[in-house]
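Visitor: Whatever this is, show me its structure:
(one chain, ligands or ions: 1)
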Amino acid sequence: MQTIKYTFQPHGDERGQLVALEEFNDIPFRIKRVYYMYDTLANVVRGHHAHKNLEQILVCVHGSCKIRLDNGKEKKVVALEKPYEGLYVPNNIWREMFDFSADAVLMVFASEIYDESDYIRDYDEFLKFVGVKKDDRT
Ligand code: T46
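Guide: Numbering: from 1, shown residues only. Have a look, this model is predicted:
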């Protein structure tokens, strides 16, 4: 499974670093929502769902965490450890976020506003939605 990890341009000088993210330039969609999670407890796994119509870029702006992406056939784990890296997560991908460091702040840029009806929270329903039979999985 191909994953897209962006390396954003830090604008560093003697004062420190600054990263600017513009829609359609650095973020490949119109940004309708930004949310972030912090104070995630050790051993917590968040996510466990897919979206029918949502593109997102995940940036761990402080600390680190890991993201498991699953297209129904294959899984891939991507580590987010730098505040200038962004992981693109398209629709129809099951995602789980885990291994949060105590200081992790995971910021998400989303192409749509919050809509609970866009979530697929049942894994078998997800496999059916993406047209994958259980035997096809690796
Ligand atoms: C995703 C991963 C990466 C809102 O009220 N508005 C929002 O925009 C969001 C994202 C959540 N919420 C409420 C709904 C729940 O009561 O915040 C609570 C926690 O949300 P959830 O359990 O969905 O959080 P995660 O970390 O499992 O998943 C989130 C996003 O929901 C999801 O779209 O892709 O982060």
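Visitor: For the spatially most central residue of the chain, what is the enclosing helix or strand?
Guide: Centroid check for the chain by CA atoms, centre = their mean gives Leu58 as the closest residue, at 4.1 Å. Leu58 is located in strand 56-62, with elements delineated by DSSP states H and E.
Visitor: Name every strand pairing with the helix or strand following that strand and say which way it goes.
Guide: Helices and strands here follow DSSP H and E; after strand 56-62, the next one along the chain is strand 65-70. When pairs are called by DSSP bridges, strand 65-70 turns out to pair with strand 75-80 (antiparallel), strand 94-98 (antiparallel).
Visitor: Are stretch 30-42 and the ligand in contact anywhere?
Guide: Yes: part of stretch 30-42 sits close enough to the ligand to count as contact by CB under 6 Å from any ligand atom, namely Arg33, Tyr35, Met37. (Each C-beta comes from the backbone N, C-alpha and C, glycine too.)
Visitor: Format the residues you listed as a markdown table; extra columns: secondary structure, pLDDT and neighbour count.
Guide: Putting these into a markdown table (DSSP: H, G, I helix; E, B strand; the rest coil; pLDDT from 0 to 100; neighbours: other CB atoms under 10 Å) gives the following:
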| residue | secondary structure | pLDDT | neighbour count |
| --- | --- | --- | --- |
| Arg33 | strand | 98 | 14 |
| Tyr35 | strand | 98 | 11 |
| Met37 | strand | 98 | 15 |
